[in-house]
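> Test case, fold it:
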Amino acid sequence: MKKYVALLLIGAITMVLVACSSDEENPPTVAPTPQPEPTQAPASNDVVASTIVDIAVEDGRFGTLVTALQAAGLVDTLAGEGPFTVFAPTDDAFAALPDGVVAGLLEDVPALTDVLTYHVVSGSVLAEQVVGLTSATTLQGEDVTVAVNDGSVMIDGANVIITDIIGSNGVIHVIDAVILPSAIAASLATPEDAMDSMVVSKTIVDIAVEDGRFGTLVTALQAAGLVDTLAGDGPFTVFAPTDDAFAALPDGVVAGLLEDIPALTDVLTYHVVAGSVLAEQVVGLTSATTLQGEDVTFAVNDGSVMIDGANVIITDIIGSNGVIHVIDAVILP
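I've put the predicted structure just below:
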């Protein structure tokens, strides 16, 4: 009996050892732990949906630039595929231009287009690349110069004050001054040159005709045969009465003048001074000799300028051959 029990134990131990040996030779299969798939960085146009035009519109510091782009018909261009690099002047930069220059450019689309495209370079040029350049060719065709001084970057004479505003179709670098193509920059070397025809192509007569506030003045100039004179080389400074100013004359005066050409000519030429006299110069005068021959008098009261008895209500409307200052009354010899 004892022998039989011993045999059973030996058999059981043998079976256990065989089973363990089988497990070692064929270990259980364990499912691998899933590994995360590598991800790819999104393309830049997936990161930024706004074009450089969208950014300029939404930013709030580029109102004048946006207005100029609209006037020049360049919005669709700069909202296109690009890519573009825009050196964007702030509103303060435009405001620092001489009086009347922005208004004049907005009236002269070819010149305005030259100025705006002079601020744009083809391709996306980030700040780290800009600092390695000495110049870059603009869409206008001329090169801007790039200089690095004490860690600050300058484009022509403008400081780059903010870099790398990324849009879906390019990049904006903000500058603190308006940069100008050589011909236009030369025309603005002094205030007197602001009326140069390279900046503004419309004469003071063209401006008066198109403005809409000077219908009676234009009719009078035509009746007196003075249109060709005031559309000539000049330059002239015209103190232009509005239609309301003519309407304020006593009944029958305008009709009477239109029938009396010598008297009409005297009245009209009494509103014109030879030369381009900007507002900043007018305030320093006490009188000026008109084309009619007599002097008009100037006075400054509480910051307002008066010529004879008329208030100057708008200044420095720049034409290619002179400047218009708008007055609220007809002045008479």
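> For stretch 74-81, what does the pLDDT average out to?
Average pLDDT, stretch 74-81: 93.
> Please read the previous query as pertaining to stretch 155-162.
90.
> Same check on stretch 245-263?
Mean predicted confidence for stretch 245-263 is 94.
> if we look at that stretch, which residues are touching it?
Stretch 245-263 has contacts (CB atoms under 8 Å, 6 or more residues apart in numbering) with 216-217, 219-220, 223-225, 264, 267, 310, 327-330. (Each C-beta comes from the backbone N, C-alpha and C, glycine too.)
> Can you check the distance spanned by that stretch, start to finish?
18 Å (CA to CA, to the nearest Å).
> Roughly how far does Thr64 sit from Thr90?
Between Thr64 and Thr90 the computed distance is 8 Å (CB to CB, to the nearest Å).
> Would you mind listing the buried residues in stretch 325-333?
His325, Val326, Ile327, Asp328, Ala329, Val330, Ile331 (16 or more other CB atoms under 10 Å).
> Mind giving me the packing neighbours of the helix or strand where the first one lies?
If you go by DSSP states H and E, His325 is part of strand 322-327. Strand 322-327 sits against helix 204-211, strand 236-241, strand 310-319, with contacts defined as 3 or more CB pairs under 8 Å, 6 or more residues apart in numbering; DSSP states H and E.
> and the last one with strand 322-327, angle?
So that's strand 310-319. With axes from the mean of the first three to the mean of the last three CA atoms, to 10 degrees defining the directions, strand 310-319 sits at 150 degrees from strand 322-327.
> Give the pairing partners of strand 310-319; include direction for each.
strand 304-307 (antiparallel), strand 322-327 (antiparallel) (DSSP bridges).
> closest one to Gly60 among these?
For these, the distance to Gly60 is smallest for strand 322-327, at 30.4 Å, taking CB to CB.
> Now the phi/psi pair for Leu249, please.
Backbone torsions of Leu249, given as degrees, to the nearest 10, read phi -70, psi 160.
> burial count for it?
16 (other CB atoms under 10 Å).
> Tell me how far it lies from Pro333.
14 Å.
> now the chain, which segments are flagged as low pLDDT?
Where the chain drops to pLDDT under 70, the residues are 1-48, 186-201.
> Just the C-alphas of the strand holding His325, formatted as PDB.
The C-alpha atoms that make up strand 322-327 are tabulated as PDB, following Å, rounded to 0.1, in the frame of the first residue of the first chain:
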ATOM      1  CA  GLY A 322      -1.300 125.200 -56.100                       C
ATOM      2  CA  VAL A 323      -3.300 124.900 -53.000                       C
ATOM      3  CA  ILE A 324      -6.900 125.700 -52.000                       C
ATOM      4  CA  HIS A 325      -8.100 127.100 -48.700                       C
ATOM      5  CA  VAL A 326     -11.900 127.000 -48.300                       C
ATOM      6  CA  ILE A 327     -13.600 130.100 -46.900                       C
END
